[in-house]
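Show me how the following folds:
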Amino acid sequence: MSKVMFCEDDLMIRKLIQTALRATTHQVRYAENGAAGLALIVADPPDVVFTDVSMPEMDGFQLADTLKGRADLAHIPIVFMTASVQRDQIEECFRHGAAAHIGKPFTMAELRARLAQFAKS
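A predicted model of the protein is given here:
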(Lines give C-alpha, C1' and ligand atoms only; values in the text may rest on other atoms or scores of the structure.)
Protein backbone atom coordinates (compact mmCIF):
# COMPACT_ATOMS: atom_id res chain seq x y z
CA MET A 1 0.00 0.00 0.00
CA SER A 2 1.30 3.42 -0.95
CA LYS A 3 0.91 6.77 0.70
CA VAL A 4 -0.31 9.32 -1.84
CA MET A 5 -0.65 13.10 -1.43
CA PHE A 6 -2.95 15.23 -3.59
CA CYS A 7 -2.61 19.01 -3.44
CA GLU A 8 -5.58 20.53 -5.24
CA ASP A 9 -7.48 23.71 -4.42
CA ASP A 10 -10.63 22.84 -6.40
CA LEU A 11 -13.06 21.01 -4.12
CA MET A 12 -14.90 19.36 -7.04
CA ILE A 13 -11.66 17.92 -8.43
CA ARG A 14 -10.69 16.64 -4.96
CA LYS A 15 -14.09 14.91 -4.73
CA LEU A 16 -13.65 13.36 -8.19
CA ILE A 17 -10.23 12.05 -7.17
CA GLN A 18 -11.67 10.65 -3.94
CA THR A 19 -14.37 8.86 -5.92
CA ALA A 20 -11.88 7.48 -8.44
CA LEU A 21 -9.56 6.14 -5.75
CA ARG A 22 -12.14 4.92 -3.25
CA ALA A 23 -11.68 1.27 -4.22
CA THR A 24 -7.88 1.35 -4.06
CA THR A 25 -5.78 0.17 -1.15
CA HIS A 26 -3.67 3.32 -1.11
CA GLN A 27 -3.59 5.69 1.83
CA VAL A 28 -4.63 8.96 0.19
CA ARG A 29 -4.38 12.40 1.78
CA TYR A 30 -5.62 15.71 0.41
CA ALA A 31 -4.60 19.33 0.88
CA GLU A 32 -6.23 22.45 -0.53
CA ASN A 33 -2.93 24.17 -1.30
CA GLY A 34 0.80 23.62 -1.41
CA ALA A 35 1.46 24.99 2.07
CA ALA A 36 -1.01 22.61 3.70
CA GLY A 37 0.34 19.79 1.55
CA LEU A 38 3.92 20.55 2.53
CA ALA A 39 3.04 20.33 6.22
CA LEU A 40 1.46 16.89 5.69
CA ILE A 41 4.36 15.72 3.50
CA VAL A 42 6.99 16.76 6.07
CA ALA A 43 5.06 15.09 8.90
CA ASP A 44 4.58 11.79 7.03
CA PRO A 45 6.30 11.60 3.62
CA PRO A 46 4.20 9.98 0.89
CA ASP A 47 5.42 7.71 -1.89
CA VAL A 48 4.14 10.11 -4.57
CA VAL A 49 2.74 13.66 -4.72
CA PHE A 50 0.13 14.82 -7.21
CA THR A 51 -0.18 18.60 -7.31
CA ASP A 52 -2.05 21.27 -9.15
CA VAL A 53 0.12 24.10 -10.42
CA SER A 54 -2.09 27.09 -9.66
CA MET A 55 -3.07 27.20 -5.98
CA PRO A 56 -3.24 29.87 -3.28
CA GLU A 57 -0.60 30.30 -0.55
CA MET A 58 1.95 28.01 -2.22
CA ASP A 59 1.61 26.91 -5.83
CA GLY A 60 2.68 23.56 -7.22
CA PHE A 61 5.99 24.87 -8.54
CA GLN A 62 6.90 26.30 -5.12
CA LEU A 63 5.90 23.02 -3.48
CA ALA A 64 8.01 21.01 -5.93
CA ASP A 65 11.00 23.32 -5.51
CA THR A 66 10.76 22.98 -1.73
CA LEU A 67 10.54 19.19 -1.90
CA LYS A 68 13.41 18.90 -4.39
CA GLY A 69 15.51 21.21 -2.20
CA ARG A 70 15.27 18.91 0.80
CA ALA A 71 17.49 15.84 0.83
CA ASP A 72 14.93 13.89 2.88
CA LEU A 73 12.09 14.59 0.41
CA ALA A 74 13.80 15.06 -2.96
CA HIS A 75 13.26 11.42 -3.96
CA ILE A 76 9.45 11.69 -3.94
CA PRO A 77 8.01 11.65 -7.49
CA ILE A 78 5.83 14.64 -8.30
CA VAL A 79 3.00 14.47 -10.82
CA PHE A 80 1.70 17.87 -11.91
CA MET A 81 -2.00 18.21 -12.73
CA THR A 82 -2.72 21.31 -14.79
CA ALA A 83 -5.31 22.64 -17.21
CA SER A 84 -2.55 23.92 -19.44
CA VAL A 85 -1.53 21.54 -22.16
CA GLN A 86 0.72 24.06 -23.88
CA ARG A 87 4.22 22.80 -24.46
CA ASP A 88 5.97 25.60 -22.53
CA GLN A 89 3.78 25.04 -19.45
CA ILE A 90 4.42 21.29 -19.53
CA GLU A 91 8.16 21.92 -19.93
CA GLU A 92 7.98 24.26 -16.92
CA CYS A 93 6.57 21.37 -14.87
CA PHE A 94 9.58 19.24 -15.75
CA ARG A 95 11.98 22.09 -14.96
CA HIS A 96 10.50 22.02 -11.46
CA GLY A 97 11.20 18.31 -11.06
CA ALA A 98 8.06 16.65 -12.40
CA ALA A 99 8.13 12.90 -12.83
CA ALA A 100 4.99 13.22 -14.97
CA HIS A 101 2.22 15.57 -16.06
CA ILE A 102 -1.54 15.05 -16.31
CA GLY A 103 -3.63 17.53 -18.28
CA LYS A 104 -6.98 18.65 -16.88
CA PRO A 105 -9.55 17.49 -17.40
CA PHE A 106 -8.20 14.01 -16.95
CA THR A 107 -10.00 10.71 -17.00
CA MET A 108 -10.21 8.51 -13.96
CA ALA A 109 -8.44 5.79 -15.96
CA GLU A 110 -5.56 8.18 -16.64
CA LEU A 111 -5.37 9.14 -12.97
CA ARG A 112 -5.31 5.50 -11.88
CA ALA A 113 -2.66 4.70 -14.53
CA ARG A 114 -0.37 7.47 -13.25
CA LEU A 115 -0.95 6.29 -9.70
CA ALA A 116 -0.02 2.74 -10.69
CA GLN A 117 3.11 4.05 -12.41
CA PHE A 118 4.48 5.70 -9.26
CA ALA A 119 2.76 4.09 -6.28
CA LYS A 120 3.72 0.85 -4.60
CA SER A 121 1.21 -1.97 -4.71
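
mind listing the helices for this structure?
Along the chain, counting by DSSP state H, helices occupy 11-21, 34-43, 60-68, 87-95, 108-118.

can those helices go into a markdown table with extra columns for mean pLDDT?
Formatted as a markdown table, the helices of the chain follow (pLDDT from 0 to 100):
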| stretch | mean pLDDT |
| --- | --- |
| helix 11-21 | 90 |
| helix 34-43 | 97 |
| helix 60-68 | 97 |
| helix 87-95 | 89 |
| helix 108-118 | 88 |
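
if you compare these, which one is most tucked away?
Most buried of the helices of the chain, by mean neighbour count (mean count of other Cβ atoms under 10 Å): helix 60-68, with a mean of 21. Where you see a C-beta, it was placed from the backbone N, CA and C, and this is true even at glycine.

Between helix 34-43 and that one, find me the angle.
Interaxial angle of helix 60-68 relative to helix 34-43 (axes from the mean of the first three to the mean of the last three Cα atoms, to 10 degrees): 20 degrees.

could I get the helices of the chain as CSV with distance to Met81?
Shown next, in CSV, are the helices of the chain (distance: least, Cβ to Cβ, whole Å):
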stretch, distance to Met81
helix 11-21, 8
helix 34-43, 12
helix 60-68, 8
helix 87-95, 10
helix 108-118, 9
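
okay, which residue is most central for this protein?
Central residue of the chain (Cα atoms, centre = their mean): Phe50, 0.9 Å from the mean position.

residues touching that one, list them.
Val4, Met5, Phe6, Cys7, Glu8, Ile17, Ile78, Val79, Phe80, Met81, Ile102, Arg114 (Cβ atoms under 8 Å, 6 or more residues apart in numbering).

Could I get the contacting residues of the last one?
When contacts are counted by Cβ under 8 Å, 6+ apart, Arg114 touches Phe50, Val79, Ala100, Ile102.

Right, I'll call it a day here.
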